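**Student:** Below are the sequence and a predicted model; questions follow.
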Amino acid sequence: MADGTKAVVDTSAADGAADEAALAAAIDELADGAARAAGTGDAGTAADAGKAGDSGGSGDARTGDAGEHDGDGTDGDAGPDADEPTPGAPSGSEETSEITAPLSAAEIRAELSSGGAAARKAAGAAAARPARPPQDPQPTHDPRATGTLPRTLPAPLRHSGDMIGHRYRLEECISHTETFSSWRAVDEKLRRAVGVHLMASGHQRARKVLAAAKSAALLGDPRFVQVLDAVQEGELVYVVREWLPHASDLAKLLADGPMEPHEAYQMVRQVTDAVAAAHRRGQAHLRLTPRCVLRTDSGQYRINGIAVDAALRGLPTEGSDADADRTDTRAIGALLFAALTHRWPFPEDRYDLQGLPKDLRDVPPDQVRAGVHKGLSELTARALFDRPPHHAEPFRSPEELAKAIALMPRIRQPEPELPAFPVPPRHITHALPTAPNPTRVVAAPGTAPAPMSAAPARRPGRRLRRVVKVTAWTVALGAIGVASWQLVDQLRTGSHAGAAPQPSSTSATPSTHAVPRTPVPIPVKEAFDYNPLGDSRQGAYSLPNAIDGKTETEWTTGWYNDPFGPKPPAKEGIGLLLDLGTPQPVSSVNVQFTTTTSAELRVPGTAAVGDPQNAKPGDFSIVAGKKTGTAIEYTLDNPVPTRYLLIWLTGLSKDPDGKYRGHVAEVKVSG
């Protein structure tokens, strides 16, 4: 079943009537036996006690049956009718009486009064089947009959600020279903953030969730998000796990498009190696989705919810090892398919990804999107499909997939796009008269140069004297030139004011006035919201309004309770990232705001040029300081070659509803 429990066998009316008749006959026979036992004296009592001691006691026998049945009223080996007594057969046969202790008349009446089909079958089985000795002294399954527990029990109602286990303070509800709820909490003892799953202890899945959490905690692999605690406390079952505040799940990473081949290769290699290692230790995930794969700031991938997610959602976990291997392998193939194509490989839309058309089945990624890496596309098809194209063999386990990834050629990371440094301005100076180079010999036209072999060998002393002589001539001529120009300046200053200085016909001094440069508009290819200090998009649907050439439309950020952020520590700002397509020299940027706003103009530094959307604010360089107003013009002294521009909003205005927002009507870039 979907919740992982066994189904309760529903007997027909005829079977119920047969049970009633058999149990009534058993009551009469037990009543007669009790009367006979009363007349036999102490010897008969001692004999019965010895038989009961050989069988292990009536209470133990019934408990063992309940554990084997798990509440469904059927035996694991025999069919539904194998344990029912045969009408007319003697219930107190020698074999049965020696192995299984009979029920008392009061116990059978209590079973009949309950009216449950499972209870009637258990009573008949106790008189007809020998009790099995326990195989495991510490069984991991629920010793009670889980079939008697409710299949759906609402998750315990909790609120922010509630304490769990006198240690964990709930802060924010991340998700809530009919069965369980997930929270971000604080461990008051160790002062750290943790994740908490809450479930009612009376639910059928509660014991399986606890068992899965404890087995996951024993895994001890740092590539998996660690389970820190798993406790049943009264009516509550809670599982505490590690919290990674600065990690992003795969679904969020794919929000803007598919991954580059190198990044997709790193993701599938790390995830496959981790899952294969877990399978070698007898652990399986069974619910590996884009929400479970997290990438940290250092680029390492970690997997969340091994075994626990499947138990929380009631997925079957008692299948064969081959089924678990194929389930996790197919899930890894789905992750790689989504990373390469930005599509979900099934018809339904999942995890903010569009599904494939229903008529497309077993299609490799390179036939869904152009430019997909051929080797990764083949790996995806063999991991995801049971019948891969070109008659290739599918991967049956994560171990096979990991070996295939290790054998394929390494996919190198693309070279980062280096920033173009601005050309320093050329300073115009007055030309100084120079003497001809005395060492330069100008040959007459038509004269062939002398052969190298005919040149006499020069001694080192002669060459040194020549260098000294040339240096002295150069210094002397330079001094004369400087003195001459000083004299000319003095003569010009001493002349009368009405006489305009006449330029010298032999002067080689160029004009010091630069030719005015006409700004050239640079189109913006695309605009992105930049929110590295938060975990939500900022007006994603209105981003094109900031570059559409219309001032009546605008891009609006999310709302805040104060100009810098919702709560301490305050956020530094919110950004609008502009992509020019290619590096171009930018000389000015004009920003039109709807309300009074403070903002800076930044460009990516060396650390942010490869992936500016995921870079930190400190990785950008400020090329124009903070300005405040509704129409801001950033004019650069020297053009800055760059592909990306960041409008970094550091101060917002209050809207009529009392919330602070940023409103960008239009951005124009000129070069």
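**Tutor:** Alright, I've got the coordinates.
**Student:** only C-alpha atoms for contact and neighbour calcs from this point on.
**Tutor:** OK.
**Student:** Tell me the secondary structure at Leu338.
**Tutor:** Quick fix: residue 338 reads Ala, not Leu. helix (DSSP: H, G, I helix; E, B strand; the rest coil).
**Student:** Can you give me the neighbour number for the closest residue to it other than its chain neighbours?
**Tutor:** For Ala338, ignoring the flanking residues on the chain, the nearest one in space by Cα to Cα, 6 or more residues apart in numbering is Trp344 at 5.4 Å. Using other Cα atoms under 10 Å, Trp344 is surrounded by 21 other residues.
**Student:** what's the answer for Val475, then?
**Tutor:** The number of residues packed near Val475 is 11, by other Cα under 10 Å.
**Student:** Quick one: residues contacting the residue nearest to Ala338.
**Tutor:** Ala334, Phe337, Ala338, Arg350, Leu353, Gln354, Gly355, Leu356 (Cα atoms under 8 Å, 6 or more residues apart in numbering).
**Student:** One more: Val586?
**Tutor:** Leu636, Pro639, Val640, Pro641, Thr642, Val669, Ser670, Gly671.
**Student:** One more pass at 7 Å, please.
**Tutor:** Counting by Cα atoms under 7 Å, 6 or more residues apart in numbering, Val586 touches Pro639, Val640, Pro641, Ser670, Gly671.
**Student:** SS state for Asn590?
**Tutor:** strand.
**Student:** Could you list the buried residues of stretch 401-413?
**Tutor:** Buried residues in stretch 401-413, counted by 16 or more other Cα atoms under 10 Å: Leu401, Ala402, Ile405.
**Student:** Now do the helices in this structure.
**Tutor:** Taking DSSP state H as the test, the helices found in the chain are 13-40, 42-55, 58-69, 94-99, 105-114, 117-128, 206-217, 250-253, 261-280, 308-312, 321-341, 374-384, 398-407, 460-494.
**Student:** Go through the longest one and flag the buried ones.
**Tutor:** So the one you mean is helix 460-494. Thr474, Gly478, Gly481.
**Student:** Ok, stretch 646-664 next?
**Tutor:** Neighbour count says stretch 646-664 has 646-654, 660-664 buried, by 16+ other Cα under 10 Å.
**Student:** now swap in stretch 518-536 and tell me
**Tutor:** Those would be Ile522, Val524, Ala527, Phe528, Asp529, Tyr530, Asn531, Pro532, for stretch 518-536 by 16+ other Cα under 10 Å.
**Student:** Which residue, neighbours along the chain excluded, lies closest to Arg223?
**Tutor:** Computed as Cα to Cα, 6+ apart, the closest residue to Arg223 that is not its neighbour in sequence is Arg302, at 4.9 Å.
**Student:** can you check Ala624 too?
**Tutor:** Counting by Cα to Cα, 6+ apart, Leu601 is the residue found nearest to Ala624 once chain neighbours are left out, at 5.1 Å.
**Student:** so how many other residues sit close to the one you found?
**Tutor:** Using other Cα under 10 Å as the criterion, the residues surrounding Leu601 number 20.
**Student:** That one bridge partners, please.
**Tutor:** Under DSSP bridges, the beta-bridge partners of Leu601 are Ala624, Ile647.
**Student:** wait, which of the buried residues of stretch 518-536 is closest to Ala307?
**Tutor:** Pro532 (31.8 Å; Cα to Cα).
**Student:** And the pLDDT for the nearest residue to the closest one once chain neighbours are set aside?
**Tutor:** Counting by Cα to Cα, 6+ apart, Pro532 lies nearest to Lys616, which is 6.3 Å off, once chain neighbours are set aside. The model reports Lys616 with a pLDDT of 85.
**Student:** Please tell me I have it right and Leu153 contacts Arg205.
**Tutor:** No: counting by Cα atoms under 7 Å, Leu153 sits too far from Arg205 to count as a contact (9.8 Å).
**Student:** Which one of these two is surrounded by more residues?
**Tutor:** A count of neighbours by other Cα under 10 Å puts Arg205 above the other of Leu153 and Arg205, at 27 against 17.
**Student:** and that one, what does it touch?
**Tutor:** Neighbouring residues of Arg205 by Cα under 7 Å, 6+ apart: Ala311, Leu312, Gly314.
**Student:** Mind checking which of those residues are buried?
**Tutor:** Buried among these by 16+ other Cα under 10 Å: Ala311, Leu312, Gly314.
**Student:** quick one: which of the residues you listed is nearest to Arg280?
**Tutor:** Using Cα to Cα, Ala311 comes nearest to Arg280 of the buried ones among the contacts of Arg205, at 20.1 Å.
**Student:** hang on, that closest one packs against Ala206?
**Tutor:** No: under the criterion of Cα under 7 Å, Ala311 is not in contact with Ala206, lying 8.5 Å apart.
**Student:** returning to that earlier point: ok, the residue nearest to Pro532 - how many residues close by?
**Tutor:** Neighbours around Lys616, by other Cα under 10 Å: 15.
**Student:** What separation do you get for it and Gln413?
**Tutor:** For Lys616, the distance to Gln413 (Cα to Cα, to the nearest Å) stands at 21 Å.
**Student:** Kindly report the same for Pro394.
**Tutor:** 28 Å.
**Student:** could the buried ones among the contacts of Arg205 go into JSON lines alongside distance to Pro364 and pLDDT?
**Tutor:** Formatted as JSON lines, the buried ones among the contacts of Arg205 follow (distance: Cα to Cα, whole Å; pLDDT from 0 to 100):
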{"residue": "Ala311", "distance to Pro364": "31", "pLDDT": "92"}
{"residue": "Leu312", "distance to Pro364": "32", "pLDDT": "92"}
{"residue": "Gly314", "distance to Pro364": "31", "pLDDT": "87"}
